[in-house]
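# Turn this into a model:
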Amino acid sequence: MKRTVAALALAAGMLLTALSAAFADNWPQWRGPAGDGISKEKDLPTKWGAEDNIAWKLPLPGVGGGTPVVWGDRIFLTSDDHGDLVLICASIGGKELWKKTVGKGAVGRPMGDEGNVVSGASPSTDGKHVWAFAGGGELACYDFEGKEVWKFNVQDRYGKFNIQFGMHSTPLLDDGRLYLQILTTGQAWVVALNAADGKEMWKVKRESDGVAECEHSYASPVLWRKGNEAYLITHGNDYAVAHSLKDGSEIWRVGGLNPKERYNRTLRFVASPVATPDLIVVPSAKQGPVVGLKPDAKGLVMAGNKSEKWRRPKDTPDVSSPLVVDGLVYLAGERGTLYCVDAKTGEEHYAERIHPARYRASPVYADGNVYVTARDGVVTVVKAGPKFEKVAENKLPDQIAASPVIAGGRIYLRGFKELYAIGAKDK
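Numbers count the residues shown, from 1 in each chain. Here you go, the predicted model:
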């Protein structure tokens, strides 16, 4: 009997290890397996060029800022295609398998050199289905063969979008649910949907005293989890707010991100928070404050509150979301300055101008390095640690607004013209 139990335990452990390894190779949402921009993969490329160390390139029908997702041998990404948002499924060998039109058009004016607003949100997958959200409001679910499972227009259900640059927020997929934050002028909802059929599970009004363009949020909801505890975090309209997963009720909110004494009526949030088990980093916008928050916070958290670990008065990333790894926080500034600060104290270790360009993508970490992607196609690889050390600077002949993806020993970069697979060709 003891041998049987031991054998079963060993088999279960081996299965768990195998499943964990398989999951580590996937990149199911825009910030990776844990939603924090961290990959556990090793031996990744650090140097490449237009033709050097490129496994393949897949031409795309239009621009896009959404990050691809990878599961097994499938890659999913969204793209503009003559005003439509399309969801593309490709193989890890670089071949397009199918393409589906999710929705038409977008709400809001074009973002100039940032590309059409129709293709801003990233898809998500659970290994069986993939979900995509169009700027015009269409939210859809497909199986891995491209068959539509369900679709509806969020504007029809929750009201017309009134947002300057269109809807970019990526729905959060977790444990069979899709969480949406809909923050536009005169419209502020947080919604939980059943991912299997798109039916509403709960909806709450997200209260705020924000006005003007501050009501517009381009950030995405994130999840905080530690052990069996978890909650949702939405970001925008002057606050970061935590919500119960059960019913959406408010747990805490971080204020002072747009101080009333010098209120900026154009302070729209784009960067999303990052949540680790012991620290939540809350950005703002336009060089404003960054907050290091304790996850057990309650109520309204203003500057000096005991729930804060630290609050930096400036140097927030404007669009790129923060990265937290090995006790350090990395902030990719709008104009190419990389900040590294202590996760416990907020003390700055360095602020280095890594490349003179705009930064839209969020940094990712893997195998001791931080990958920081500029709008002009330059990816700077920096050694992780409190001392700045540049490992490599790599240039592609493309523009990039999407964050890097790491899966199966490769790095995937979604350019405006092509999808690039960086690494060995024998995958």
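# Before we move on, what's the pLDDT of the closest residue to residue 81 other than its chain neighbours?
Excluding the flanking residues, the one nearest residue 81 by Cβ to Cβ, 6 or more residues apart in numbering is residue 61, at 4.1 Å. C-beta coordinates here come from the backbone N, C-alpha and C atoms, glycine included. As summarised for this prediction, residue 61 has a pLDDT of 95.
# Is residue 61 part of a helix or strand, or is it coil?
coil (DSSP: H, G, I helix; E, B strand; the rest coil).
# So it versus residue 84, what's the distance?
Applying Cβ to Cβ, to the nearest Å, the value for residue 61 to residue 84 is 9 Å.
# So which of the two has more stuff around it?
Legend: neighbour count by other Cβ atoms under 10 Å for residue 61 and residue 84, higher for residue 84 (21 against 14).
# Now do the residue nearest to the more buried one when sequence neighbours are not counted: how many residues are near it, please.
Leaving aside its sequence neighbours, residue 84 sits nearest to residue 101 (Cβ to Cβ, 6+ apart; 5.0 Å). When neighbours are defined as other Cβ under 10 Å, residue 101 has 13 of them.
# could you list every residue that touches residue 101?
Residue 101 makes contacts with 81, 84-86, as judged by Cβ atoms under 8 Å, 6 or more residues apart in numbering.
# Let me know the helix or strand that it is in.
strand 96-104 (DSSP states H and E).
# Now the two most distant members of the contacts of residue 101.
The most widely separated members of the contacts of residue 101 are 81 and 85, with 7.6 Å between them, by Cβ to Cβ.
# okay, those two: which has more neighbours?
Higher neighbour count among residue 81 and residue 85: residue 85, with 31 against 18, using other Cβ under 10 Å.
# Excluding residues flanking it in the chain, which one is nearest that one?
Counting by Cβ to Cβ, 6+ apart, residue 85 lies nearest to residue 134, which is 3.9 Å off, once chain neighbours are set aside.
# picking up where we left off before, from what I can see the residue nearest to residue 81 touches residue 79, true?
Yes: with contact defined as Cβ atoms under 8 Å, residue 61 counts as touching residue 79 (5.4 Å).
# Any figure for the gap between the nearest residue to residue 373 once chain neighbours are set aside and residue 401?
Spatial nearest neighbour of residue 373, excluding adjacent residues (Cβ to Cβ, 6+ apart): residue 361 at 3.9 Å. Look at residue 361 and residue 401: by Cβ to Cβ, they are 6 Å apart.
# any low-confidence regions in the stretch 301-427 of the chain?
Counting by pLDDT under 70, the stretch 301-427 of the chain has low-confidence residues at 427.
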